[in-house]
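K.L.:
I'll drop the sequence and a predicted model, then ask my questions.
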Amino acid sequence: MNLSRHPFFQRFAQDRVFWLVVAAILVAFVFVQPISVLRIVYVIVSLLVAITVHECSHAVAALQLGDDTAATRGRVSLNPLVHLDTLGTVMMALTALTGFGLGWGKPVPVTPYRLRYGPRVGNGIVALAGPVSNVLVAVVLGLALRLIGAPLLAVPWLAELLVDIVLINLVIAVFNLLPIPPLDGYSVLIGLLALTRTRWGHQVASTLESWNRFGMMLLFALILFSQFMGLDLLWRLVGYPAGALYSLILGGWG
């Protein structure tokens, strides 16, 4: 078998300069900062799992609702490389190194008017599929940790990795449910308003859609104010509920 023809290696070869730069950043930080290599690996693997499952679930949901736009572009896949965004991957590396930040994947292309149940409700379902898949991953792994129990303590690196995967999946799920564009919670909220089938619901949804272009500014403002103004907004909106779910799922492991 010619490995060079495999899609995974073709994608790697296509973006090899970018990946070499990311690798160089990671290596430089390992030598400059007193940080565990395993700690970096755990965070990056956890982010890759969470983002891959999240984006693939969007694509699967869209396909099930009648839109094959993402499927025809190879997004119905658990291959992380088809879902990685250049800047989002750099942020993953920085998150692993600094403990602050988030990574993200390449947005899944969706044609809302091809979706069953209409563009607003259908798009809301597609959006919700991402966070739900992250919570399901966390629940399955959390239950596995609780059921297997003591034997995993004999393999501490595996136990720590699984715990990290649970936590990061929950953080990404809760963060994405914030009703701010371009996060999934915005589309979920529009879908819920459409389900009311009322005039006020339609008017509120239309108003929110008109604010879509300001979404990134609002999101960055939230992150910056939370980080630099000491308001703890991200902790209250994301950290606290994610931590509560983490403790509920993992029990004694948490």
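P.N.:
Sure thing, it's come through.
K.L.:
Give me the pLDDT value at the closest residue to residue 142 other than its chain neighbours.
P.N.:
Distances taken as C-beta to C-beta, 6 or more residues apart in numbering put residue 249 closest to residue 142, at 3.6 Å, once the chain neighbours are dropped. C-beta coordinates here come from the backbone N, C-alpha and C atoms, glycine included. Turning to residue 249, the model gives it a pLDDT of 91.
K.L.:
mind checking the SS state of residue 116?
P.N.:
Assigned by DSSP: H, G, I helix; E, B strand; the rest coil, the conformation of residue 116 is coil.
K.L.:
Now for residue 202, how many residues are close by?
P.N.:
Other residues within reach of residue 202 by the criterion other C-beta atoms under 10 Å amount to 14.
K.L.:
Let me know the next secondary structure element after the helix or strand hosting residue 46.
P.N.:
Assigned by DSSP states H and E, residue 46 belongs to helix 37-64. Toward the C-terminal end, the helix or strand that comes next after helix 37-64 (DSSP H and E) is helix 69-72.
K.L.:
Might you quantify the distance of that next one from its chain's geometric centre?
P.N.:
Per C-alpha atoms, centre = their mean, to the nearest Å, the displacement of helix 69-72 from the mean C-alpha position of its chain is 19 Å.
K.L.:
is it true that residue 194 touches residue 124?
P.N.:
Yes. Taking C-beta atoms under 8 Å as the definition, residue 194 is a contact partner of residue 124 at 7.3 Å.
K.L.:
what sits against the residue nearest to residue 142?
P.N.:
Neighbouring residues of residue 249 by C-beta atoms under 8 Å, 6 or more residues apart in numbering: 138, 139, 142, 143, 166, 170.
K.L.:
how about the strand or helix carrying it: buried residues?
P.N.:
Under the criterion of DSSP H and E, residue 249 resides in helix 240-250. Residues of helix 240-250 classed as buried: 241, 242, 243, 245, 246, 249, 250 (neighbour count, 16 or more other C-beta atoms under 10 Å).
K.L.:
now the residues you listed in CSV, with distance to residue 42?
P.N.:
Shown next, in CSV, are those (distance: C-beta to C-beta, whole Å):
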residue, distance to residue 42
241, 22
242, 17
243, 18
245, 19
246, 15
249, 18
250, 16
